[in-house]
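In: Okay, predicted coordinates and the sequence, questions at the end:
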Amino acid sequence: MRKNRTRVPERTERRISAATSLTMCAVTVIAQIATTLLLTHFLREKANYVYAVLEFVGAVAALRVYLRPGSPSYKLAWMCLLLALPVSGMILFCLWGGTHQAKSLSLRMVPPIKERESARMESENNIARLRRQSPEWGRLATYLEKKGFPLYRNTSARYFSDGADFFEDLAEHLRQAEVYIFLEYYILAEGQIWDRLFSILKERAAAGVEVCIIFDDFGNLTRLSDATLQAMQDVGIEVQVFNPVHRYVNRIYFNYRDHRKIAVIDGSVAYTGGINVADEYANLIVRFGHWKDTAVRVEGDGAWGFAAQFIRMWKMMGRTLPNEDDYYRPRRPGSGSGYCQPFTDGPLNNPDNPIEETYLQLMASAKRFLYLTTPYYAVEESMQKALCMAADAGVDVRLCIPAVPDHKFTYMVAETYWGELLSHGVKIYKYTPGFLHAKSVMVDREVALVGSTNMDYRTFQLHYECGVLLYHMPAVEELLEDLDNIMGQSALYTLAEWNQRPWLRRMFASLLKLGAIWL
């Protein structure tokens, strides 16, 4: 048995802890009401003075939120809560999002994996080449390189427009693993897909392949049993649970999640995208109609970018690997045209958000067309404005969204943004076969972004996310072809339809928008 094994919490304990965490949110609202009633009953004439003090404290906290750097909408939501409900607002502020330290969970501050000098120079040379070919993309690559994400060449990419094809390819490459397998997923759900992958992982672990897995606890409370966790450890798989619910019940830390989707095999092959390990992603079970999702495989030098990010997260969670970092580098040379740039983001970076800034730079650099897919839409004014400006400047801007939502309240919030987009000429396509879970951006048939990133506050403020930029690679054309297919199966949403929404739905959606950061 391997050392430093993760202790598997009891299933009952995890569920009770999760329920307790959620209950605490409701208790804070009850506390607001109870405090007011108690003050009125026992203090009577002095109740107003005492409550005025509470409101003053709430106002001071709201001012503190206003003065600190970060998302304007995120700050506005906290300020409204603190001013309107000072008691419950202060409780949530202290427990949930009051300090930067709250976002660190138990993660250690670990520096980026140290790159060899030759690799650093190669990245700089790649950026110089890209700048000569496309100055605007060279600027974007330079920005991400300064954030610690090198630019790679000698990498090929394959785009997957369907979950079933993705799992077939992943299984094939997992069988070929000789040194190690790294998996980091928001959801690892029991079912046909997991049974198939686990049999491969079990066989590879028995053959001496190092297998390490990270998964988010909150995302798997009802989808992965303790027996399955134990089975993984029993066959020699190292498992690390991100943000165990039972450990942080007193701080409501479940709001911060590892939403990444990363698979790395021997440092030479890596996958990312929107696909989790669950049967609905291959449409083996039906949830919200046809489940449409995408992924990309990078093979060659660029795969190391994902391996380095996995190793860093592993270390941030207090774990160690049996070998030095260089041991996990690619063992065979890659090949391919164009450039590849994997990158990640998380709340520890706040208020610096590379993923959000990357989206903004892609929007600002578009000259001919800008296509986006996302299951959720709740963005800052700056991003909303960037899309409108691009459309006003003559760029063909198209936003593809699901016609069948998985979260109705979140979908209603997204609707509040669409009127402005439509009035500026942005085309909105609703994917009528079902739920569109893909997260991608296509710009001018030159650059593509594929990853785990939704266009909402959770992605940009609260989640640990990942993605890859593909510059001038053949896979960009594969994404474009799939986007054409998506739009061909979608209904064009119009401004007239938006204006015809029932007034009650409009009013309720506007109220929900104030709390969009928590939906």
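Out: All right, it came through fine. These figures come from a predicted structure and were not determined experimentally. Numbers count the residues shown, from 1 in each chain.

In: F508 touches K408, doesn't it?
Out: No - the pair F508 and K408 does not pass the contact test of C-beta atoms under 8 Å, sitting 10.7 Å apart. For glycine as for every other residue, the C-beta is placed from the backbone atoms N, C-alpha and C.

In: okay, these two: which has more neighbours?
Out: Higher neighbour count among F508 and K408: F508, with 14 against 8, using other C-beta atoms under 10 Å.

In: what sits against the more buried one?
Out: Taking C-beta atoms under 8 Å, 6 or more residues apart in numbering, we find F508 in contact with M412.

In: next one: V379
Out: Y417, M455, D456, Y457, F460.

In: In strands, which of those appear?
Out: Judged by DSSP state E, strands contain none of these.

In: Redo those as a markdown table? Include neighbour count.
Out: Compiled in a markdown table, the contacts of V379 are given as follows (neighbours: other C-beta atoms under 10 Å):
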| residue | neighbour count |
| --- | --- |
| Y417 | 20 |
| M455 | 24 |
| D456 | 22 |
| Y457 | 23 |
| F460 | 28 |
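
In: Tell me the one among those nearest to G346.
Out: Comparing these against G346 with C-beta to C-beta places F460 closest, at 10.6 Å.

In: hang on, that closest one packs against E357?
Out: No - counting by C-beta under 8 Å, F460 stays clear of E357, with 9.5 Å between them.

In: And for S382, nearest residue in space, chain neighbours not counted?
Out: In space, and not counting its chain neighbours, S382 is closest to L360: 6.5 Å by C-beta to C-beta, 6 or more residues apart in numbering.

In: same question, S123
Out: Distances taken as C-beta to C-beta, 6+ apart place P150 nearest to S123, at 3.7 Å, with adjacent residues excluded.

In: mind listing what that neighbour touches?
Out: So P150 contacts E115, A119, R120, E122, S123, N126, G305, Q341 (C-beta under 8 Å, 6+ apart).

In: Run through the neighbouring helices and strands of the strand or helix carrying L63.
Out: Assigned by DSSP states H and E, L63 belongs to helix 47-67. Judged by 3 or more C-beta pairs under 8 Å, 6 or more residues apart in numbering; DSSP states H and E, the packing partners of helix 47-67 are helix 11-43, helix 72-84, helix 86-92.

In: model confidence over that helix, on average?
Out: Helix 47-67 shows an average pLDDT of 73 in the prediction.

In: can you dump the C-alpha coordinates of that helix into CSV?
Out: Presented in CSV, the C-alpha positions along helix 47-67 are these (Å, rounded to 0.1, in the frame of the first residue of the first chain):
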residue,chain,number,x,y,z
ALA,A,47,-34.1,48.9,19.9
ASN,A,48,-33.7,51.5,17.2
TYR,A,49,-30.4,52.7,18.7
VAL,A,50,-29.0,49.2,18.9
TYR,A,51,-30.1,48.3,15.4
ALA,A,52,-28.6,51.6,14.2
VAL,A,53,-25.3,50.4,15.6
LEU,A,54,-25.6,47.1,13.7
GLU,A,55,-26.4,49.0,10.5
PHE,A,56,-23.4,51.2,11.1
VAL,A,57,-21.2,48.1,11.5
GLY,A,58,-22.7,46.8,8.3
ALA,A,59,-22.0,50.0,6.5
VAL,A,60,-18.4,50.0,7.6
ALA,A,61,-18.0,46.4,6.3
ALA,A,62,-19.7,47.5,3.0
LEU,A,63,-17.2,50.4,2.7
ARG,A,64,-14.3,47.9,3.3
VAL,A,65,-15.7,45.8,0.5
TYR,A,66,-16.0,48.8,-1.8
LEU,A,67,-12.4,49.9,-1.2
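
In: F215 reaches V241, doesn't it?
Out: Yes - the criterion here is C-beta under 8 Å, and F215 meets it with V241 at 6.6 Å.

In: Out of the helices and strands packed on helix 47-67, which gets the lowest mean score?
Out: helix 11-43 (a mean of 60).

In: who's in contact with K147?
Out: Counted by C-beta under 8 Å, 6+ apart, K147 has contacts F343, D352, P354.

In: measure it to T344 for me?
Out: Distance, K147 to T344, using C-beta to C-beta, to the nearest Å: 10 Å.

In: go on, M232?
Out: 24 Å.

In: likewise R332?
Out: 24 Å.

In: so where do the strands sit in the stretch 301-450 of the chain?
Out: 339-345, 369-373, 396-402, 427-431, 434-436, 440-443, 447-451 (DSSP state E, counting those that start in this stretch).

In: tell me which residues in the third one are buried?
Out: Okay, so that is strand 396-402. V397, R398, L399, C400, I401, P402 (16 or more other C-beta atoms under 10 Å).

In: Pipe the residues you listed into a markdown table and attach pLDDT and distance to Q176 per row.
Out: Below are these laid out as a markdown table (pLDDT from 0 to 100; distance: C-beta to C-beta, whole Å):
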| residue | pLDDT | distance to Q176 |
| --- | --- | --- |
| V397 | 98 | 41 |
| R398 | 98 | 38 |
| L399 | 98 | 38 |
| C400 | 98 | 34 |
| I401 | 98 | 37 |
| P402 | 97 | 35 |
